[in-house]
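K.L.:
build me a model:
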Amino acid sequence: MVEEKPDLRREAGQRRRDTLLEAALELLAERGQEGVTLREITDRAGANVAAVSYHFGSLKGLCETVIEQALERYLDAQIDALDSLGSAPTLSELAEAFARPMLRALAAGGRELAVMRTVARVGIEPPQGWGRLAGKFERIRHDAARALAAQLPDVGEEELAFRARCAAGMLNWLALSPINAELAAKPAAEVERLVLPVVAGAFRGYRNPA
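P.N.:
Alright, predicted model coming up:
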């Protein structure tokens, strides 16, 4: 029986595609979609414009592919974290699960942080036209709201959703601001000690001591 030879051209094409995705991810994490050019991506990837056209159609198509992959990776990580909670999590446990993907990325750096920074740049709402991810966004909102409502029964649903969005906004800011370099230099346990009370506080809200 004659062993089939691998399709070297297809493998080379896949490697080139992956290299373009990695180069675009790094630049998008640094500057956002409006701050990158096709030439910068191809130079970093060691590829040419024709490769971008072949695999993604355009610079816009390449960037949208990268952003969608980053969002899906983040959503899957947050769903896994929320799924790991018990039936009645405390606010501290919910804060840890909610922040876990970002905290892990801060500790890991490199590609993981680039993914989170890309997610942070597009915000916390599902982009228009990417309905495939809408179900995952909705699941996270539902699971977080349900857990918050169990701990804060006197707070309305709309306000709980607002607090969750504020918490997500703070995590996005951590990924993009200069402070993330300070956090990255600290041990993971110290980062958690600093960040988790802030996220839990956003969930808990202000309590008038009077």
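K.L.:
quickly note the distance from residue 77 to residue 34.
P.N.:
Distance of residue 77 to residue 34, given as Cβ to Cβ, to the nearest Å: 26 Å. For glycine as for every other residue, the C-beta is placed from the backbone atoms N, C-alpha and C.
K.L.:
settle it for me: which of those two has more neighbours?
P.N.:
More crowded of residue 77 and residue 34, by other Cβ atoms under 10 Å: residue 77, with 19 against 8.
K.L.:
apart from its chain neighbours, what residue comes closest to residue 72?
P.N.:
Closest residue to residue 72 apart from its sequence neighbours, by Cβ to Cβ, 6 or more residues apart in numbering: residue 133 at 6.2 Å.
K.L.:
how about the secondary structure of the one you found?
P.N.:
Following DSSP: H, G, I helix; E, B strand; the rest coil, we place residue 133 in the helix state.
K.L.:
where in this structure is the helix or strand with the lowest mean pLDDT?
P.N.:
Every helix and strand of the chain was ranked by mean pLDDT, DSSP states H and E. The lowest is helix 179-184, at a mean of 84.
K.L.:
neighbours of residue 112, how many?
P.N.:
With other Cβ under 10 Å as criterion, residue 112 counts 17.
K.L.:
so where's the protein uncertain?
P.N.:
Within the chain, the set of residues satisfying pLDDT under 70 comprises 1-6, 124-130, 208-210.
K.L.:
quick one: residue 20 from residue 38, how far?
P.N.:
Distance from residue 20 to residue 38, counting by Cβ to Cβ: 10 Å.
K.L.:
could you name every residue contacting both of the two?
P.N.:
Residues touching both residue 20 and residue 38 (Cβ atoms under 8 Å, 6 or more residues apart in numbering): residue 52.
K.L.:
return the set of buried residues in stretch 147-155.
P.N.:
147, 148, 151, 152, 155 (16 or more other Cβ atoms under 10 Å).
K.L.:
I meant to write stretch 84-96 there.
P.N.:
Those would be 85, 89, 91, 93, 94, 95, 96, for stretch 84-96 by 16+ other Cβ under 10 Å.
K.L.:
any chance of those residues in TSV, plus secondary structure?
P.N.:
Formatted as TSV, those follow (three-state DSSP):
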residue	secondary structure
85	coil
89	coil
91	helix
93	helix
94	helix
95	helix
96	helix
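K.L.:
please identify which of those residues is nearest to residue 51.
P.N.:
Nearest to residue 51 among these is residue 96, at 42.0 Å by Cβ to Cβ.
K.L.:
burial count for residue 75?
P.N.:
19.
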